[in-house]
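> Build the 3D model from these lines:
(one chain, ligands or ions: 1)
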Amino acid sequence: MTNPKVAFYTLGCKVNQNETEALGALFKEHTYDVVDFVDKADIYIINTCTVTHLGDRKSRQVIRRAINTNPDAIIVVTGCYAQTSPGEVQKIPGVDLIIGTSDRAKIVELIEEYKRGKEPVTYVNDILKVKDFEELPVDRLINRTRAYLKVQEGCEQFCTYCIIPYARGPSRSRSIESTLKEAGKLIAAGFKELILTGIHLGAYGKDLAENIDLAYLCKTLLEKTSIQRLRLSSIEPTEITDELIELMKGNPRFCRHLHIPLQNGNDEILKYMHRPYTTRDYRFIIEKVRKKIPDIGITSDIMVGFPGETQEHFSDSLDFVKEMEFSGLHVFKYSPRKGTPASKFSNQVSSPEKEKRSKAMLELGKQGFTNFAQRYLDKIVDVLVETSWPQGGWEGHTDNYLKVVFKGETEKGEIVPVRLQSLEENYVIGELIKRRNYNY
Ligand code: SF4
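Okay, here's the model as predicted:
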């Protein structure tokens with residue numbers, strides 16, 4: 001008898017991708033074979049996204065595609081769109097199970113139960129009342145050198161443009177014990193870098209004992225495991241504590257890289273966005289971090305075209321981003337999300353204007369990368385070898401998050417010294433150095 005086949009499709013963010021990997025591992029444990037989404041499977045799992053209207057539409061398209069590929073298959077819709085709009089998903093004929101953003105550790109059992117009853121079922125809890133961190137056993141594995149380790153779920157910040165607090169519920173944290181256990185497994189499997197992730201990572205520990213926060217978790221991981229690199233995926237400016245900065249400064253295994261979402265460089269817009277800081281606060285924290293850790297790479301997220309953003313506001317944003325000298329920038333065009341306060345704000349910015357602003361911001365992002373990377377030309381840096389480069393050679397990152405491409409004799413998972421030689425648009429070309437007595 002052959003094993004049942006399951007196929008996955010993931011929409012949206014890295015957290016969703018991590019969760020799909022974890023679900024895949026669960027099915028494998030239960031002797032399912034994981035096949036490609038285009039193949040004929042017995043079960044299709046669509047992990048949906050609702051961060052924009054496009055996310056909703058794409059989620060519906062993918063659900064229909066799965067139903068067409070095998071009308072006899074069990075169709076399971078999970079994730080943020082399933083959580084926020086189960087009614088819309090129920091309307092798609094052929095959907096069998098709807099599981100929101102909780103209860104997913106039980107997904108295999110829920111499917112087995114469905115097979116017995118054959119009645120479409122919706123498992124969508126009132127997410128605003130969910131209190132526990134749901135542990136999924138295996139986190140996302142990137143090229144078997146770097147692994148995402150999810151330690152936090154949910155967000156209570158309610159930025160006015162964001163649907164996530166409604167889809168993911170309040171902040172919940174993975175316990176220190178469970179995180180250490182998972183980290184131990186990943187290290188034993190050969191991973192060299194762990195990337196701590198969460199929906200609102202800086203809120204880690206708020207629901208745990210009083211002395212537990214993100215800095216405490218990082219300190220514990222560095223002390224109690226042999227992980228060679230520990231990285232944070234993203235952290236809000238107001239949540240960068242002195243302890244965290246000191247830890248990063250004092251421990252070479254803690255990557256000198258912070259992704260600190262700014263979203264806008266104008267105080268009025270930040271206020272309308274319900275971001276809990278001003279540009280002055282943001283500048284203060286960046287200066288403090290850079291003073292302590294001069295080689296730190298700081299990347300950020302910027303949103304353009306938020307309702308009411310005038311040309312003047314946007315100029316402020318450009319000036320502030322320039323001043324912050326980010327080494328990388330993710331630029332988002334504001335898109336109204338039904339159910340969020342900002343979708344009802346007047347003065348929505350036109351699409352062509354958003355496009356223009358996005359291009360200008362992206363240019364600044366490129367410039368910021370070039371300025372940062374240039375500081376390292378002719379210097380020797382440590383690179384974690386992550387993948388082979390299609391044109392021959394290797395690709396990896398420095399601890400301060402420069403992407404480096406180089407040639408030479410090495411293998412995946414090694415941390416090797418590379419002399420940086422020249423710049424491309426978003427990476428640096430270097431050469432492998434044999435000796436290991438070098439300085440940054
Ligand atoms: S901090 Fe703001 S943008 Fe980030 S998930 Fe929470 S509400 Fe959304």
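> Give me the number of neighbouring residues for the residue in the stretch 1-150 of the chain positioned nearest to the ligand.
Residue nearest to the ligand within the stretch 1-150 of the chain: V51 (8.9 Å; CB to the nearest ligand atom). (Glycine included, C-beta is placed from N, CA and C.) For V51, the number of neighbouring residues by other CB atoms under 10 Å comes to 21.
> Same check on P170?
So P170, with other CB under 10 Å, has 18 neighbours.
> Can you tell me which residues in the stretch 51-200 of the chain are near the ligand?
Taking CB under 6 Å from any ligand atom as the measure of proximity, the stretch 51-200 of the chain contacts the ligand at C155, Q157, F158, C159, C162, I164, P165, I199, H200.
> Pick out whichever of those residues sits closest to H274.
H274 lies nearest to C159 out of these, by CB to CB, at 5.1 Å.
> tell me the contacts of the closest one?
C159 makes contacts with Q263, M273, H274, R275, as judged by CB atoms under 8 Å, 6 or more residues apart in numbering.
> next one: F345
Shown in contact with F345 (CB under 8 Å, 6+ apart): T160, Y272, P307, G308.
> Please name the bridge partners of the residue lying closest to L97 once chain neighbours are set aside.
Leaving aside its sequence neighbours, L97 sits nearest to V76 (CB to CB, 6 or more residues apart in numbering; 4.4 Å). Applying DSSP bridges to V76 gives these bridge partners: I45, L97.
> Mind pulling up the pLDDT for V76?
With respect to pLDDT, V76 scores 95.
> Repeat that for K129.
For K129, pLDDT reads 74.
> tally of neighbours for the closest residue in space to V95 that isn't next to it in sequence?
In this structure, V95 finds its nearest non-sequential neighbour in I75, 5.1 Å apart by CB to CB, 6+ apart. By the measure other CB under 10 Å, the count of residues near I75 is 22.
> right, and the residue of the stretch 1-150 of the chain closest to the ligand touches C13 too?
Yes. Counting by CB atoms under 8 Å, V51 touches C13, with 7.1 Å between them.
> Give the other helices and strands that the helix or strand where C218 lies contacts.
Secondary structure assignment for C218, by DSSP states H and E: helix 214-224. Here helix 214-224 is seen to pack against helix 176-188, strand 193-197, strand 229-232, helix 242-250 when contacts are counted using 3 or more CB pairs under 8 Å, 6 or more residues apart in numbering; DSSP states H and E.
> Export these as a markdown table, with columns for mean neighbour count and distance to D295.
Output for these, formatted as a markdown table (neighbours: other CB atoms under 10 Å; distance: least, CB to CB, whole Å):
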| stretch | mean neighbour count | distance to D295 |
| --- | --- | --- |
| helix 176-188 | 17 | 25 |
| strand 193-197 | 24 | 18 |
| strand 229-232 | 22 | 15 |
| helix 242-250 | 16 | 10 |
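> Between the ones you listed, which one is closest to C80.
Of the helices and strands packed on helix 214-224, nearest to C80 by CB to CB is strand 193-197, at 15.5 Å.
> Run me through the strand neighbours of the closest one, direction for each.
strand 146-150 (parallel), strand 229-232 (parallel).
> thinking again about what came up before, residues making contact with the helix holding C218?
Contacts of helix 214-224 (CB under 8 Å, 6+ apart): 151, 176, 179-180, 183, 194, 196, 201-202, 204-205, 227, 230, 232, 235, 239, 241, 243-244, 247, 251, 253-254.
> which parts of it are buried?
Neighbour counts over helix 214-224 (16 or more other CB atoms under 10 Å) mark L214, A215, Y216, L217, C218, K219, T220, L221, L222 as buried.
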